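**Q** compute the structure for the input listed below.
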Amino acid sequence: MTRRRVFYSFHYENDVFRVQQIRNIGALESNSPAQPNQWEEVKRSGDTAIQRWIDNSMSNTSCVVVLIGSDTANRKWINYEIKKAWNDGKGLFGIYIQNLKDPRTGKCSRGKNPFDSFTIGDKPMSEYVRTYDPNQNDPYNDIANQIENWIECAIADRNR
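**A** Residues are numbered from 1 along each chain as shown. I've put the predicted structure just below:
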């Protein structure tokens, strides 16, 4: 299978430890998350700097994976990343990550589907973009075993 370069979209403050578990799977080449001090510096530089950072991070990727935690939906920059991925023709899908444990806070509540906020023609984007809810008893291994297939499906969906 082709090793794909992906961009992870997620709510940094709430979900960075859950996201790090997915990064540690190691099956994918992915964007490196900004360290807290780097992210704070980008945020202090304003919206243009944030947009430029996202655009640069998303360039040369074939798929955007939205990691859906309790507060992911309707966040300004996640919405920007979803819209950009769609407009750029990238593969796009979501994974619910509420059952991955954060060492500080444990599990979180299941968040809303962020793709429900967008429309494609007269239908919600969620009718075109898949989301996956890994096995609650073993979410890490379910994601590890499936993520490459989910990425290939998302890319194939966009190529249709």
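**Q** and the next helix or strand past the helix or strand bottoming out on mean pLDDT in the chain?
**A** Within the chain, confidence by mean pLDDT, DSSP states H and E is lowest for strand 29-30 among all helices and strands, at a mean of 51. Per DSSP states H and E, the first helix or strand lying C-terminal to strand 29-30 is helix 36-44.
**Q** show me which residues of that following helix are buried.
**A** Residues of helix 36-44 classed as buried: Trp39, Val42 (neighbour count, 16 or more other C-beta atoms under 10 Å). For the C-beta atoms, the positions are set from N, CA and C on the backbone; glycine is no exception.
**Q** quick one: contacts of that helix?
**A** By C-beta atoms under 8 Å, 6 or more residues apart in numbering, the residues outside helix 36-44 that reach it are Tyr12, Ala34, Ala49, Ile50, Trp53.
**Q** where exactly do the helices run in this protein?
**A** Counting by DSSP state H, one finds helices in the chain at the ranges 12-23, 36-44, 47-58, 76-87, 139-159.
**Q** which stretch in the ones you listed is the model least sure about?
**A** Note on those: lowest mean pLDDT is at helix 36-44, with a mean of 75.
**Q** about what we covered before: got TSV for the helices of the chain, with distance to Cys108 too?
**A** Formatted as TSV, the helices of the chain follow (distance: least, C-beta to C-beta, whole Å):
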stretch	distance to Cys108
helix 12-23	7
helix 36-44	19
helix 47-58	24
helix 76-87	15
helix 139-159	12
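**Q** Asp116: which of those is closest?
**A** When the helices of the chain are compared by C-beta to C-beta, helix 76-87 sits nearest Asp116, at 10.9 Å.
**Q** what's the angle between that closest one and helix 139-159?
**A** 50 degrees (axes from the mean of the first three to the mean of the last three C-alpha atoms, to 10 degrees).
**Q** CA atoms only for helix 76-87, dumped as CSV, please.
**A** Extracted in CSV, the C-alpha atoms of helix 76-87 (Å, rounded to 0.1, in the frame of the first residue of the first chain):
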residue,chain,number,x,y,z
LYS,A,76,-13.0,28.2,13.4
TRP,A,77,-9.7,26.7,12.2
ILE,A,78,-11.0,23.1,12.0
ASN,A,79,-13.8,24.5,9.8
TYR,A,80,-11.1,26.2,7.7
GLU,A,81,-9.2,23.0,7.3
ILE,A,82,-12.3,21.0,6.3
LYS,A,83,-13.3,23.6,3.7
LYS,A,84,-9.7,23.8,2.4
ALA,A,85,-9.4,20.0,2.1
TRP,A,86,-12.7,19.8,0.3
ASN,A,87,-11.9,22.7,-2.1
